[in-house]
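J.: requesting a structural model of the entry that follows:
(4 chains)
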Protein chains: 2
Amino acid sequence: MSINATGPIACRYCDLVEVCRLCGIIARRESGELQRAGTAPRTLPVGARLFRAGEPAHSLFAVRQGMLKTVDVGTDGEEHVVAVNTPGDVLGTEAFGKRIYVHDVVAVQPVAYCKLPLSLLSTQYARVNELAIALINMLSRASVRRAPPVRGTIHQRVAALILELSRRFEQSGADGRRFSLGMTRQEIASLLGTRIETVSRTLQKMHREKEIEVAGQQVTLLSLKPATV
Amino acid sequence: MSINATGPIACRYCDLVEVCRLCGIIARRESGELQRAGTAPRTLPVGARLFRAGEPAHSLFAVRQGMLKTVDVGTDGEEHVVAVNTPGDVLGTEAFGKRIYVHDVVAVQPVAYCKLPLSLLSTQYARVNELAIALINMLSRASVRRAPPVRGTIHQRVAALILELSRRFEQSGADGRRFSLGMTRQEIASLLGTRIETVSRTLQKMHREKEIEVAGQQVTLLSLKPATV
DNA sequence: CGAAAAATTGATCGACATCAATCTGTGTGG
DNA sequence: CCACACAGATTGATGTCGATCAATTTTTCG
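T.: Numbers count the residues shown, from 1 in each chain, chains lettered A, B, ... in the order given. Have a look, this model is predicted:
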């Protein structure tokens, strides 16, 4: 029932903020929170796609609120969750090279997001130095933020996922101790490279052993703490 | 015994080539193969490190010949192979942001490489536009080239690794049907998230079933072909 | 040649997949 | 408003792939 009921992420926590500011999209308010000039707030309902693999890429996106999944759709049409995307994440960066998106990105919760057309980047030549460096730094950071480790036992992987989500929520100002997984067991299984029954059993086990409390997608951290990773 | 005895990769196959050219390192020979001005050819013996995690980053590197492994060294000192690096790969790109390398990179074969000091990038402001775009495209490509899938059965993962190596050798002009794995079973096991005995058994099984021929690190592809992935 | 590292092979065990049934919650139409 | 349908989640029984323990064998190299 209860979903992370926090508001949209503040711009200062967004990976895109430097690029965004330099492109002149953010209104010139130095206190600069969510103020954006010229662009209507964009939203996406559950199940809708931000973009699809193979589509020509014209924009970068920043997640402001809600959660999405990045999926690989195999030739057989089977989909594989390769990442979850939370507020502050920038999506579409792999498109700079070939100008074609390489994944499908689907909302698993109602999503609010920002859109930065790539065309804007090329009209900002006056500040190209600063901008280029900001972009380069951003891409560089993105290349480090990889998928959760698909190593170790399932217990470790589930724990790692929960802690990673906790860390992200915490970092973007939400509650890091009690939050929603945002995904179905099926999606978690796909992300961690295992099966739905195993995810379920593992969560129940963690509950029994008082590491966490689970009720549907709602999770509360008890004894589970970082460094356990 | 026999190792991939091909020469160094041609610059035109290197991911760094555009950046390199714009920085004026490559001599102005339009036929432009391996000619590099001002920099001595650099080599690395087996076991030596190109750089270590935590070191201040001052350069990008491009692999010309040989093979390296990218390893994560845990707090307990245990090392985990997260990628193998072959000619044409660019290393150190994650360092743009924090100016600190995030992995150890170790030669598993004798290596020849190019070094591009980051300082050069900032002295090329005249061509900053072109350069920035080249860099951005490169980083973008790098963010896609991920680790081999740590999914599916061991058989599938081993097959995927072999085919990926085959593809890379092929692409850089070497023989894609017969080549050296370059790594010990231990390193392969670490990369694929399994155990040395399992790697050995799997390779033997593939041999028995005439998918490949194996002799030490030397591999020959028989019935194993792409699309099996 | 002899020592050490790497690789292979065998036996056994456990974690996770698989198959299958049940339960819970949510939305829908009578 | 309740009954029903359906998707998601849980729980159980059983089988199997890969981990683990252990012993050789092969290769590498001083």
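
J.: how far away is A:Glu164 from DNA strand C?
T.: Distance, A:Glu164 to DNA strand C, by CB to the nearest atom of the strand, to the nearest Å: 18 Å. No exception for glycine: its C-beta is placed from N, CA and C like everyone else's.

J.: buried stuff in the strand or helix carrying that residue?
T.: Under the criterion of DSSP states H and E, A:Glu164 resides in helix A:154-171. Buried residues in helix A:154-171, counted by 16 or more other CB atoms under 10 Å in any protein chain shown: A:154, A:157-166, A:168-169.

J.: tell me which of those is nearest to DNA strand C?
T.: Nearest to DNA strand C among the buried residues of helix A:154-171: A:Ile154, at 3.9 Å, using CB to the nearest atom of the strand.

J.: next one: the closest one from DNA strand D, what distance?
T.: Separation of A:Ile154 from DNA strand D (CB to the nearest atom of the strand) stands at 12 Å.

J.: who are the neighbours in contact with that residue?
T.: A:Leu192, A:Thr194, A:Thr198, A:Val199, A:Thr202 (CB atoms under 8 Å, 6 or more residues apart in numbering or on different chains).

J.: ok, A:Val81 next?
T.: With contacts defined as CB under 8 Å, 6+ apart, the neighbours of A:Val81 are A:Lys69, A:Thr70, A:Val71, A:Met183, A:Glu187, A:Ser190, A:Leu191.

J.: distance from the chain centre to whichever strand or helix holds A:Glu18, please.
T.: For A:Glu18, the host element (DSSP H and E) is helix A:17-22. With CA atoms, centre = their mean, to the nearest Å as the basis, helix A:17-22 stands 19 Å off its chain's centre.

J.: packing partners for it?
T.: For helix A:17-22, the contact count by 3 or more CB pairs under 8 Å, 6 or more residues apart in numbering or on different chains; DSSP states H and E identifies strand A:111-117, helix A:128-144 as packing neighbours.

J.: other residues contacting the first one?
T.: When you say that, I think you mean strand A:111-117. Contact partners of strand A:111-117, identified using CB under 8 Å, 6+ apart, comprise A:8, A:14, A:16, A:19-20, A:23, A:25, A:36, A:39, A:41-44, A:50, A:58-68.

J.: so of these, which ones are in helices?
T.: Secondary structure defined by DSSP state H assigns A:Val19, A:Cys20 of the contacts of strand A:111-117 to helices.

J.: and the contacts of A:Val81, which are buried?
T.: Counted by 16+ other CB under 10 Å, the contacts of A:Val81 give A:Lys69, A:Thr70, A:Val71, A:Met183, A:Glu187, A:Ser190, A:Leu191 as buried.

J.: in strands, which of the residues you listed fall?
T.: A:Lys69, A:Thr70, A:Val71 (DSSP state E).

J.: make a markdown table from those residues and add distance to DNA strand D and pLDDT to it.
T.: Listed next are those as a markdown table, based on distance: CB to the nearest atom of the strand, whole Å; pLDDT from 0 to 100:
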| residue | distance to DNA strand D | pLDDT |
| --- | --- | --- |
| A:Lys69 | 13 | 90 |
| A:Thr70 | 18 | 88 |
| A:Val71 | 14 | 87 |
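
J.: out of those residues, who's nearest A:Val219?
T.: For these, the minimum distance to A:Val219 (CB to CB) is 17.2 Å, reached by A:Lys69.

J.: got a list of what that closest one touches?
T.: A:Val81, A:Ala83, A:Val84, A:Asn85, A:Val105, A:Val106, A:Val108, A:Met183, A:Glu187, A:Leu191.

J.: please repeat the previous calculation with a cut-off of 7 Å.
T.: Neighbouring residues of A:Lys69 by CB atoms under 7 Å, 6 or more residues apart in numbering or on different chains: A:Val81, A:Val84, A:Val106, A:Val108, A:Met183, A:Glu187.

J.: partner residues bridging the third one?
T.: This points to A:Val106. Going by DSSP bridges, A:Val106 is paired in beta bridges with A:Arg49, A:Lys69.

J.: next one, pLDDT for it please.
T.: Predicted confidence (pLDDT) at A:Val106: the value is 90.

J.: A:Leu135 too?
T.: 68.

J.: A:His80 reaches A:Thr70, doesn't it?
T.: No. The pair A:His80 and A:Thr70 fails to qualify as a contact (CB atoms under 7 Å) at a distance of 9.7 Å.

J.: any idea which helix or strand carries A:Thr93?
T.: For A:Thr93, there is no host helix or strand (DSSP H and E).

J.: that one: how many residues sit nearby?
T.: Here the number of neighbours of A:Thr93 (other CB atoms under 10 Å in any protein chain shown) works out to 24.

J.: relative to A:Gln171, how far out is it?
T.: A:Thr93 is 19 Å from A:Gln171, where distance means CB to CB, to the nearest Å.

J.: A:Glu211 too?
T.: According to CB to CB, A:Glu211 stands 22 Å off from A:Gln171.

J.: test my guess that A:Gly118 contacts A:Gly92.
T.: Gly isn't right for residue A:118; it's Leu. No. A:Leu118 is beyond contact range of A:Gly92, at 8.7 Å (criterion: CB under 7 Å).
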